[in-house]
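**Q** Let me see the structure of the following:
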Amino acid sequence: MNTSVGSTSRLLWAGLRALLVLTVVCGVLYPLAVTGIAQLAFPGKANGSEVKDASGRVVGSELIGQTYNLPLKDGEETASPDLKWFQPRPSNGLGSNSVNTQYKLILSGATNRSGDNADLIKWVTDAKAAVVKDNSTAGYQVKPSDVPADAVTSSGSGLDPHISPEYAKLQVHRVAELNKLDVATVERLVADHTDGRILGFVGEPRVNVLQLNIALKALVADKG
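**A** Predicted coordinates for the structure are as follows:
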């Protein structure tokens with residue numbers, strides 16, 4: 001009996017020691033080491049890839065897309081885009097929080113519609129018509145064939161921070177006109193904020209809309 005109790009006690013004590021050691025190593029030392037290495041090696045990415053404006057204020061993350069809309073008017077369900085800014089991809093896949101009403105949350109996601117789905121076809125058709133209308137100016141007419149796919153389709157998350165260089169260039173004339181800027185100046189702004197393929201062959205060229213609009217805001221402020 002005593003031998004059995006002693007063996008059980010030793011096993012319990014060994015298990016408790018293992019629990020304490022693993023808790024300290026895995027729950028304290030390892031997280032501290034990983035956090036410290038991340039802060040030393042790549043602090044920007046470790047802190048959420050924050051984007052700051054000219055004043056140093058954090059205005060978002062380069063990993064999460066934003067909308068650039070006018071204030072919501074009475075009777076409107078969705079706000080209209082503020083066309084003086086470069087516009088991001090559509091975000092039809094985003095949802096709203098319907099369970100925990102204590103917080104106003106946006107739920108990331110895709111539309112999950114098939115290519116022949118009537119809703120998706122209508123969204124794309126309406127989006128293309130809006131892109132053509134919004135970006136046509138007195139001296140520049142956008143044709144439906146000029147509209148790239150990312151201008152009318154949302155990403156898998158609905159939060160894609162990038163647009164294609166083609167979509168950015170499509171918006172140049174409208175942005176230049178509404179901000180009273182020279183078209184060539186805005187074209188250079190887009191070119192300066194176009195990132196190439198990673199390592200020269202991975203992915204596609206892209207433009208971060210938030211960073212582009214921050215540069216546009218600074219450009220307009222300097223002009224004014």
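**Q** can you give me the helices for this protein?
**A** Using DSSP state H, the helices of the chain run over residues 2-24, 30-41, 43-46, 118-135, 165-170, 172-178, 183-192, 209-223.
**Q** Nearest to T153, out of the ones you listed?
**A** helix 118-135 (6.5 Å; Cβ to Cβ). (Each C-beta comes from the backbone N, C-alpha and C, glycine too.)
**Q** Contacts for the closest one next, please.
**A** Here helix 118-135 makes contact (Cβ atoms under 8 Å, 6 or more residues apart in numbering) with 81, 83, 87, 90, 92, 111, 113-114, 142-144, 146-147, 151-153, 170-171, 173-174.
**Q** what about the residue nearest to V209 when sequence neighbours are not counted, neighbour count?
**A** Take V209 and drop its neighbours on the chain: the residue closest to it by Cβ to Cβ, 6 or more residues apart in numbering is P88, 4.6 Å away. P88 has 27 neighbours, counted by other Cβ atoms under 10 Å.
**Q** residue contacts, P88?
**A** 65-68, 160-161, 163, 209.
**Q** State the distance from it to I163.
**A** Relative to I163, P88 is positioned 6 Å away (Cβ to Cβ, to the nearest Å).
**Q** and what of V132?
**A** In this view, V132 and I163 are 16 Å apart by Cβ to Cβ.
**Q** of those two, who's got more company?
**A** Applying other Cβ under 10 Å to V132 and I163 shows that I163 carries more neighbours, namely 23 against 18.
**Q** just checking, the more buried one touches A149?
**A** No - using Cβ atoms under 8 Å, I163 is not in contact with A149, being 10.8 Å away.
**Q** what ranges of this protein fall below the confidence cut-off?
**A** 1-3, 93-107, 224 (pLDDT under 70).
**Q** if we can go back for a sec, can the helices of the chain go into CSV with extra columns for distance to D53?
**A** CSV is the format used below for these (distance: least, Cβ to Cβ, whole Å):
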stretch, distance to D53
helix 2-24, 42
helix 30-41, 23
helix 43-46, 16
helix 118-135, 25
helix 165-170, 19
helix 172-178, 18
helix 183-192, 15
helix 209-223, 5
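**Q** Which one of the ones you listed lies nearest to S61?
**A** Across these, closest to S61 is helix 209-223 (Cβ to Cβ), at 8.0 Å.
**Q** Report the inter-axis angle for the closest one versus helix 183-192.
**A** Per axes from the mean of the first three to the mean of the last three Cα atoms, to 10 degrees, the angle that helix 209-223 makes with helix 183-192 is 140 degrees.
**Q** hmm, who's touching stretch 168-187?
**A** So stretch 168-187 is in contact with 83-87, 131, 134-140, 142, 146-148, 151, 190, 193-194, 207, 212, 216, 219-220, 223, going by Cβ under 8 Å, 6+ apart.
**Q** Just the buried positions in that stretch, please.
**A** 168-177, 179, 181, 186 (16 or more other Cβ atoms under 10 Å).
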